[in-house]
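Engineer: generate a structure from the sequence data that follows.
(chains A and B)
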Amino acid sequence: MGQPIIKINNLSKCYRIGAKETGYKTFRESIIDGISAPFRNLKQLQRLTKFNNNGDDERSNDIIWALKDISFNVDEGEVVGIIGKNAAGKSTLLKILSRITEPTGGIIEINGRVSSLLEVGTGFHPELTGRENIFLNGAILGMRKKEIEQKFDEIVNFAEIEKFLDTPVKRYSSGMYVRLAFAVAAHLEPEILLIDEVLAVGDISFQKKCLGKMEDVAKGGRTVFFVSHNMGAIRQLVSKCILLDEGKIIFNGEKNECISKYLHHNFSENKNYRMFPDHVPGEEFPVVIKGIILMDENSNSKSTFNLGESLTIEILLEAKAKGTRFQAMVQIQNEFGVFIYHCVSVDAGKPFFSSGLYSKLKVTFPKLKLYPGKYSVNIGVYRPGLSTIRMDKIESAISFTVDQSAGLDEIRPLGKGDAVVHEVPKWEIEYAQ
Amino acid sequence: MIIKPKKGWQLVDFKELSEYRDLFYFLVARDIKIRYKQTVLGGLWAIIQPFFSMIVFTLFFGRLAKMPSDGIPYPVFNFSAMVAWTYFANAVTNSGNSLITNTNLISKVYFPRLIAPLTPVLAGLLDFSIAFIVLIVMMFYFHIYPNIMILYLPLLVILMMLTASGVGMLLAALNAKYRDIRYTIPFLVQLWLFASPVVYPASMLPEKYRLVYALNPMVGVIEGFRSALLGTIAFPKQILLISTLMSVILFISGMFYFKQTERYFADII
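Structural biologist: Model prediction:
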């Protein structure tokens, strides 16, 4: 203990991204271009793997430094969290440490066997049975056949798939598939373990189980690198934390300080709104949520509302293309985890919205009927139709408090948690003779 | 362990390769298990592929073109070559595409990259053995019996594997960067078929060109097969010597090129 097990010195990695494609203007141009394309392509492909250090490249615009002059040490038994925005260089760091790719510069000294877990179920083959995949996947992750045989029962138990051991995994439900994949990975026993964001799998109870298993691993005296966007998991698991941004180390040290730096970096502290810069529209997710704001009827942004007041949830969206159709969903949950509302735009007679590149969707609850307490909001956007194919969803996107400070003279004081919805029905009395 | 940019010549780390032999084993097993999954005929395909080619070749070359066949019935003459050829063609094709088909592995885990192109070369041996049994059956049917030179058979098989892996590694490494290779492989294999004595006997070539011809290692393999099993010609020692030399050169240069280029596979694949 106490000895650096990993020493990283001035580690750099650069990638050459392919030059941009230019659109063709005329038929003639496209013909000529088609003829000269092979020569140009050859040059480009050759350039892909050539990096000369004569300064040309520094200025060149198709070079990206995924990591630049990173240096730090890790002691044996430390659990290191690595956090940062997308494209900060987290995954590249793990890829270099696991020898998948080679650094462009710098040197790393490692004293121990490294296993990496950059994805759950790497190398799973859909045609093979669960049993066969356990062995294959185990070997891919660096286990010896003997080791896998020893842990076989444990793996099967953890994954809860005893009955389906000899079924091809293509017939597994996605939950079973993921459980099996994680189970194999969880039974790795290298001296150094690299994990990239793999906890975001399975249902909640399985996620908890995974997190527990990870905790065991972390406490078992092994050195672990853990990349995640899940601050809860980071806080729970790691002993120190490194914040990366654009290939450089912003902070290296105590985890809580690191996390707060990251959050500060990412979101405003003002809880009236939250932004999600990491959400970027793509092929699969043509519309994504960029932010959420809570407002009252006068468009004042705030996070505490009075019973009976109007609550407007404004959802900022970004789309890959104008005119993308989507439907939206808002859920409101109380602090006991009970869903009070599950509102879908279809129910309001709007089968779909058509997006702009940037759009703002307003959802208004004209008169809050919620009992005093804390509530959290989940939001999501889906493709139109009943199949509800998800484009983006954010759980606990924001939270707000309902108060009864005003209007006390009109009604009796309401106790927190006495009930869920405050309704004022019509009361009538009739008399018989 | 030290990780830093690699410079200069890269040599094969045999110790590491042997540490990963279990993975190698499971990958070969995977290739074998999935090959005929969800097919009706299953392992029969290992026979049907060379057998039907043989029938077609027998009809067109044996019957129509009256191709000489060293005094052996054309079907056996051709099938003895088809067995080795089918193995070679499949091994080269699968090996040449191995990095592309295993992209997810290459970009997500570390293992000695050489395992990828070598796996199909080993996995193909099962199909080869099945087809080989059919060949033996055919030989009995035509009352042809092998001679003492059959002892060289293991050597011929090794020669065939060496050639296939040499070409496979070279193509795989090129394929990682230039996807043109994927479309070139079928042509290459087809051309190679006619550059090898599969549908015709090597004895058709003038004597003086035969040693040049033997630069194609498959010439040695196929002629060796025929000599040992069918007794067509005297065991072609000279041809085999050249073919062996050539296949060793192919193997070493293929492996060498692969090792020099493997450092960037994960980045560009």
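Engineer: so who does the closest residue to residue A:373 other than its chain neighbours touch?
Structural biologist: In space, and not counting its chain neighbours, residue A:373 is closest to residue A:416: 5.1 Å by C-beta to C-beta, 6 or more residues apart in numbering or on different chains. C-beta here means a position set from N, CA and C on the backbone, and glycine is covered the same way. Residue A:416 makes contact with A:371-373, according to C-beta atoms under 8 Å, 6 or more residues apart in numbering or on different chains.
Engineer: tell me which of these fall in strands.
Structural biologist: residue A:373 (DSSP state E).
Engineer: quick check: of the contacts of residue A:416, which has the highest neighbour count?
Structural biologist: The residue in the contacts of residue A:416 with the most neighbours, by other C-beta atoms under 10 Å in any protein chain shown, is residue A:371 (20 neighbours).
Engineer: ok now do that residue, which residues does it touch?
Structural biologist: A:307, A:402, A:414-422.
Engineer: if I look at it, how far off is residue A:364?
Structural biologist: Residue A:371 sits 20 Å away from residue A:364, going by C-beta to C-beta, to the nearest Å.
Engineer: how about residue A:16?
Structural biologist: Counting by C-beta to C-beta, the gap from residue A:16 to residue A:364 is 50 Å.
Engineer: between these two, who's got more neighbours?
Structural biologist: Set side by side, residue A:16 and residue A:364 show more neighbours around residue A:16, with 18 against 12, by other C-beta under 10 Å.
Engineer: kindly state the beta-bridge partners for the more buried one.
Structural biologist: residue A:63 (DSSP bridges).
Engineer: what about the strands in the stretch 51-200 of chain B?
Structural biologist: Read by DSSP state E, counting those that start in this stretch, the stretch 51-200 of chain B holds no strands at all.
Engineer: avg pLDDT for stretch A:237-250?
Structural biologist: The pLDDT scores in stretch A:237-250 average 88.
Engineer: show me the contacts for the spatially most central residue of chain B.
Structural biologist: Closest residue to the average C-alpha location of chain B: residue B:88 at 2.3 Å, with C-alpha atoms, centre = their mean. Residue B:88 is in contact with B:160, B:163-164, B:218, B:221, counting by C-beta under 8 Å, 6+ apart.
Engineer: would you turn these into a markdown table with neighbour count and pLDDT?
Structural biologist: Output for those, formatted as a markdown table (neighbours: other C-beta atoms under 10 Å in any protein chain shown; pLDDT from 0 to 100):
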| residue | neighbour count | pLDDT |
| --- | --- | --- |
| B:160 | 27 | 96 |
| B:163 | 27 | 97 |
| B:164 | 32 | 97 |
| B:218 | 26 | 96 |
| B:221 | 32 | 95 |
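Engineer: between the residues you listed, which is nearest chain A?
Structural biologist: residue B:164 (23.2 Å; C-beta to the nearest C-beta).
Engineer: can you tell me the closest non-neighbouring residue to that closest one?
Structural biologist: Nearest non-adjacent residue to residue B:164 (C-beta to C-beta, 6+ apart): residue B:91, at 3.8 Å.
Engineer: any idea how far the one you found lies from residue B:34?
Structural biologist: Applying C-beta to C-beta, the value for residue B:91 to residue B:34 is 16 Å.
Engineer: neighbour count winner among the two?
Structural biologist: Using other C-beta under 10 Å, the more surrounded residue of residue B:91 and residue B:34 is residue B:91, with 27 against 16.
Engineer: ok, that one - contacts?
Structural biologist: Residue B:91 neighbours (C-beta under 8 Å, 6+ apart): B:120-121, B:124, B:161, B:164-165, B:168.
Engineer: what about the strands in the stretch 251-400 of chain A?
Structural biologist: Applying DSSP E, counting those that start in this stretch to the stretch 251-400 of chain A gives strands spanning A:273-275, A:287-295, A:304-306, A:311-319, A:325-334, A:339-344, A:353-354, A:358-365, A:373-382, A:390-403.
Engineer: Serialize the ones you listed to a markdown table and add fields for mean pLDDT.
Structural biologist: Shown next, in a markdown table, are the strands of the stretch 251-400 of chain A (pLDDT from 0 to 100):
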| stretch | mean pLDDT |
| --- | --- |
| strand A:273-275 | 83 |
| strand A:287-295 | 91 |
| strand A:304-306 | 85 |
| strand A:311-319 | 92 |
| strand A:325-334 | 89 |
| strand A:339-344 | 89 |
| strand A:353-354 | 89 |
| strand A:358-365 | 92 |
| strand A:373-382 | 87 |
| strand A:390-403 | 84 |
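Engineer: for residue A:228, find the nearest of those strands.
Structural biologist: The minimum distance between residue A:228 and the strands of the stretch 251-400 of chain A falls on strand A:390-403, with 15.4 Å, by C-beta to C-beta.
Engineer: three-state assignment of residue 45?
Structural biologist: Looking at chain A here, since you left the chain open. Three-state assignment for residue A:45 (DSSP: H, G, I helix; E, B strand; the rest coil): helix.
Engineer: just give me the neighbour total for it.
Structural biologist: Per other C-beta under 10 Å, the neighbour tally for residue A:45 reads 15.
Engineer: and the stretch 101-250 of chain B, which residues reach chain A?
Structural biologist: Within the stretch 101-250 of chain B, the positions adjacent to chain A are B:104-111, B:177-178 by C-beta under 8 Å from any C-beta of the partner chain.
Engineer: which among those end up buried?
Structural biologist: B:105-111, B:177 (16 or more other C-beta atoms under 10 Å in any protein chain shown).
Engineer: so can I have CSV of these showing pLDDT?
Structural biologist: Formatted as CSV, these follow (pLDDT from 0 to 100):
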residue, pLDDT
B:105, 91
B:106, 92
B:107, 89
B:108, 88
B:109, 89
B:110, 90
B:111, 91
B:177, 86
